[in-house]
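Peer 1: structure of the sequence below:
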Amino acid sequence: MKKPYASHTALLLALLLLGPLMLVPTACVKEKVLPVITITGFPEIKSRTALCNAVVESDGGQEILTRGVCWWTQPGPTIERDSTQNGAGLGAFTARMNGLVERTRYYVRGYVTSAAGTSYGIESSFTTLIGDNLPVVVTTAPFNINLTDAQSGGDVLSEGSGPVSVKGICWKTTPGASIADDTTVDGSGLGSFVSTMWGLTLNTTYFVRAYATSQVGTGYGQELSFTTGTTTPTVVTTPILNTTSTMAPGGGEVLSDGGAPVTSRGVCWNTAGTPVYPTDSNRLSGTGLGVFSVDLTNLTPSTQYYARAFAVNSVGTGYGQQEEFVTQAASLPTVVIDSVGFNVGHHIVPCFGTVITDGGAPLTGKGFYLDTIAYASPALASGPVNPPGGPGPFNRVTFLYNVQTPPGIRGELNGRNLFAWAYAVNGVGVATSPTAIPVKTKVYDTDSNMYNWTTIGTQDWLTENLRTTRYCNGNNITQIASPAGWAAAAGGAWSHYDNQAVNDTIYGKLYNGLAAADARNACPCGWRVPTDADWTTLENFVGGPTQAGGALKQTGTALWNAPNTGATNAQGFNGRPGGYRTNTSSGGFVNMQQEAYWWSQTQPTGTPLDLFYCKATYNSAALERNPNNRLFGFSVRCMRPTRP
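Peer 2: Have a look, this model is predicted:
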């Protein structure tokens, strides 16, 4: 039996020997973390090649030097077997495996190599195909071909080297349709299928093929073509608003041509409903697609109408919805007078007017009034001075008519201040233009020479010297050129200054006093040679004897010699210096461009061979009035008292 203290001693000795070792701290060893790589799929598998997708998800804290996949026909492939190298670092990549054997199962692992060595991912596997044959498919002939849709299809006869994952048809408007164009998806695997093509365009040729897709690729059937159909155009009718008694604004819009060009379009209407083109009333407006507008004209007042827009193509006529409207009741025409012609004479006044609307009833007449008073609303009772226009319906018709004045109607128009009105007549009544145009007719002598005229105070005066060769009754005034014949004249006579006709236009003719005082009247009918009292009235109105000459003279020195003192022509009298012809046997011509002499028809008391005359000179503003022998040759300026 051992002694107790002996075992304790042994334990103590052991502690003494091992204690120091137990107190020494041990070093902490870090476990290595390997990179992580995962295979995500095989996007392509063929008989001798395949693609593998992989991704390096973690580098394990180490720099990745290279990455890739390795494969073998037995599990657990390594890089010592077949492998790829696909760069370095993290991220996804695709590796191509070549040199494979047909119909063989392969095991694949992704790998990464770092300074710590090579690590592998989880193993995957796939089986290669038998050959690289595409699927075999045939295309079904298109059928049920409509305006915007059609049907076709196909039959997958063989899947080729791999199973068909999707099948259908593809199409476009040019040859060579593929799955990059419009397609349908109609299942997978072998067998026939039917497809529908939607959203096609009218009257368009399409090319279509069946297709079948496997891992090897896409096989196509034969390409076939077809053409979609056509129809009548699609049209909408514009609502009809703002009608008048004889017109309504209409229109429409062609939304679709039906697959064939629109050759005409417009609106048709009737009073029974469902109007038809071209049987019923219609108005055309162009061709093609788009918005158009027309006016429905020649309508009857207070009448119900029905209208439809229409468009025509090679298939037929398409119509919009029917619109209803009622025309307004008839009213008076609307007429305006536009202008009066420039060649206003003593028997003819060309007038121009416009009938804006016939008021919804056929016009039975149109024309003009002439009157001496600007009536607020002239009545037909005052007498239309021209025949009315012919009957018949019309709109916005511009008319021209010469307003003539036969004897006995409103008096002579020679040199008159008148007013011209337009009028139009329909079944409702007579309408006149809201305003009149003032008409100042020109003055014509018996030779039809034309003169302008002006009103000065209470008198009307021609603004030119007389040029006639006949009295108002048509009798001739004798032309005498020779000096001896002039001095011996027993009756009225005239001549040109210096017997030169060129002076006639500017200065007029020179007449002896016998012509000026002749009762047959050398002036235009309705006008007269002024009396001495007439000249006195004019003289006083324009400033009195000392100023009247200047007031009556034409200004400037083109016709008058300088200085043409005091000339203002303030009243438009246009006095011109025609000179005079003497009464002697020499018959001389004197003072053209220096002096103007104008006869009166007044004989001074006690001197029956004389007449009063007026004289204006180039170097004075005065107007002289004196008697002189009737055988002198002076100018004649005609006048009349102002008349309505």
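
Peer 1: lowest average confidence, helix or strand, in this protein?
Peer 2: strand 397-404 (a mean of 38; mean pLDDT, DSSP states H and E).

Peer 1: averaged pLDDT, the following helix or strand past that one. What do you get?
Peer 2: For strand 397-404, the following helix or strand on the C-terminal side (DSSP states H and E) is strand 417-426. For strand 417-426, mean pLDDT is 80.

Peer 1: what about stretch 503-511, how long is it end to end?
Peer 2: 14 Å (CA to CA, to the nearest Å).

Peer 1: need the contact list for Gly259.
Peer 2: 147, 201-204, 228-231, 313, 315 (CB atoms under 8 Å, 6 or more residues apart in numbering). (Glycine included, C-beta is placed from N, CA and C.)

Peer 1: out of these, who's nearest Tyr305?
Peer 2: Asn313 (26.3 Å; CB to CB).

Peer 1: tell me the pLDDT at the closest one?
Peer 2: pLDDT for Asn313: 96.

Peer 1: isn't it up against Thr232?
Peer 2: Yes. Between Asn313 and Thr232 there is a contact at 6.6 Å, judged by CB atoms under 8 Å.

Peer 1: which of these two has more neighbours?
Peer 2: The neighbour comparison of Asn313 against Thr232 (other CB atoms under 10 Å) goes to Asn313, with 24 against 21.

Peer 1: averaged pLDDT, stretch 224-235. What do you get?
Peer 2: The model assigns stretch 224-235 a mean pLDDT of 95.

Peer 1: now for Asn313 and Thr232: what residues contact both?
Peer 2: The contact sets of Asn313 and Thr232 overlap at Gly258 (CB under 8 Å, 6+ apart).

Peer 1: follow-up on the earlier one: of the contacts of Gly259, buried ones?
Peer 2: 147, 202-203, 228-231, 313, 315 (16 or more other CB atoms under 10 Å).

Peer 1: redo the contacts of Gly259 as CSV? Include distance to Ser635.
Peer 2: Converted to CSV, the contacts of Gly259 look like this (distance: CB to CB, whole Å):
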residue, distance to Ser635
Leu147, 93
Thr201, 90
Leu202, 89
Asn203, 88
Thr204, 91
Thr228, 94
Gly229, 93
Thr230, 88
Thr231, 89
Asn313, 81
Val315, 86
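
Peer 1: okay, Asp371: pLDDT?
Peer 2: Listed pLDDT for Asp371 reads 69.

Peer 1: I meant Tyr375, not that one.
Peer 2: 53.

Peer 1: do Thr66 as well
Peer 2: So, for Thr66, pLDDT stands at 96.

Peer 1: with the one 5 residues further on instead?
Peer 2: In this model, Trp71 is scored at 97, pLDDT.

Peer 1: so Gly572 sits against Trp453, correct?
Peer 2: No. Counting by CB under 8 Å, Gly572 does not reach Trp453; the two are 9.3 Å apart.

Peer 1: quickly list what's touching both of those two.
Peer 2: Thr463.

Peer 1: looking at the two, which one has more neighbours?
Peer 2: Taking other CB under 10 Å, Gly572 and Trp453 do not tie; Trp453 has more neighbours (24 against 14).

Peer 1: who's in contact with that one?
Peer 2: 415, 442-443, 460-463.

Peer 1: and if you look at Pro438?
Peer 2: Here Pro438 is in contact with 374, 417-420 (criterion: CB under 8 Å, 6+ apart).

Peer 1: any chance of the residues you listed in a markdown table, plus neighbour count and distance to Thr584?
Peer 2: Formatted as a markdown table, the contacts of Pro438 follow (neighbours: other CB atoms under 10 Å; distance: CB to CB, whole Å):
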| residue | neighbour count | distance to Thr584 |
| --- | --- | --- |
| Ala374 | 13 | 54 |
| Asn417 | 15 | 44 |
| Leu418 | 24 | 47 |
| Phe419 | 18 | 52 |
| Ala420 | 24 | 52 |
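
Peer 1: can you tell me which of these lies nearest to Ser448?
Peer 2: Leu418 (20.2 Å).

Peer 1: from Lys440, how far off is that closest one?
Peer 2: 8 Å (CB to CB, to the nearest Å).

Peer 1: contacts for stretch 486-502?
Peer 2: Contacts for stretch 486-502 (CB under 8 Å, 6+ apart): 469, 471, 477-481, 503-504, 507, 509-512, 514-516, 518, 522, 578-579, 581, 583-585, 587, 589, 592, 631, 633.

Peer 1: just the buried positions in it, please.
Peer 2: Result for stretch 486-502 [16+ other CB under 10 Å]: buried residues 486-487, 489, 492-497.

Peer 1: neighbours around Ala361, how many?
Peer 2: 21.

Peer 1: go on, Asn53?
Peer 2: Neighbours of Asn53 (other CB under 10 Å): 17.

Peer 1: so who does it touch?
Peer 2: Counting by CB under 8 Å, 6+ apart, the residues that Asn53 touches are 39-43, 92-94.

Peer 1: of these, closest to Thr537?
Peer 2: Ala92 (120.6 Å).

Peer 1: looking at it, the closest one is touching Thr38, isn't it?
Peer 2: No. Applying CB under 8 Å, one finds Ala92 not in contact with Thr38, separated by 9.7 Å.

Peer 1: pull up the overlap in contacts between the two.
Peer 2: With CB under 8 Å, 6+ apart as the test, Ala92 and Thr38 both reach 54-55.

Peer 1: the two - which one has more neighbours?
Peer 2: Using other CB under 10 Å as the criterion, Ala92 and Thr38 rank with Thr38 on top: 15 against 12.

Peer 1: just to be sure, the more buried one is in a strand?
Peer 2: Yes. Under DSSP: H, G, I helix; E, B strand; the rest coil, Thr38 sits within a strand.

Peer 1: and the helices in the stretch 351-500 of the chain?
Peer 2: Assigned by DSSP state H, counting those that start in this stretch, the helices in the stretch 351-500 of the chain fall at 483-487.

Peer 1: quick one: low-confidence ranges for it?
Peer 2: 371-413 (pLDDT under 70).

Peer 1: try it again with 80
Peer 2: For the stretch 351-500 of the chain, applying pLDDT under 80 flags the ranges 351, 358, 360, 362-421, 439, 441.

Peer 1: can you show me the strands along the stretch 301-450 of the chain?
Peer 2: 304-312, 317-319, 323-326, 334-340, 348-357, 363-371, 397-404, 417-426, 430-432, 437-440, 443-444, 450-451 (DSSP state E, counting those that start in this stretch).

Peer 1: distance of Gly579 relative to Leu510?
Peer 2: 8 Å.

Peer 1: which one's more surrounded, those two?
Peer 2: The residue with more neighbours, out of Gly579 and Leu510, is Leu510; 30 against 21, by other CB under 10 Å.

Peer 1: in the stretch 1-150 of the chain, where is pLDDT below threshold?
Peer 2: 1-33, 131-132.

Peer 1: what ranges do the helices span in it?
Peer 2: Under DSSP H, counting those that start in this stretch, the stretch 1-150 of the chain gives helices at 4-23.

Peer 1: ok, Val355 touching Thr364?
Peer 2: No. Taking contacts as CB under 8 Å, Val355 lies outside contact range of Thr364: 12.0 Å.

Peer 1: is Gln85 in contact with Thr66, as I believe?
Peer 2: Yes. At 5.4 Å, Gln85 counts as touching Thr66 under the criterion of CB under 8 Å.

Peer 1: and those two? which has more neighbours close in?
Peer 2: Thr66 (17 against 13).

Peer 1: so what's the residue count around the nearest residue to that one once chain neighbours are set aside?
Peer 2: Distances taken as CB to CB, 6 or more residues apart in numbering put Thr113 closest to Thr66, at 4.8 Å, once the chain neighbours are dropped. Thr113 is flanked by 18 other residues according to other CB under 10 Å.

Peer 1: returning to that earlier point: closest one to Ala272 out of the contacts of Trp453, please.
Peer 2: Nearest to Ala272 among the contacts of Trp453, with distances taken as CB to CB, is Lys442, at 58.9 Å.

Peer 1: the buried residues of stretch 486-502 into a markdown table, with extra columns for distance to Phe193?
Peer 2: Shown next, in a markdown table, are these (distance: CB to CB, whole Å):
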| residue | distance to Phe193 |
| --- | --- |
| Trp486 | 125 |
| Ala487 | 130 |
| Ala489 | 126 |
| Gly492 | 121 |
| Ala493 | 122 |
| Trp494 | 116 |
| Ser495 | 118 |
| His496 | 114 |
| Tyr497 | 116 |
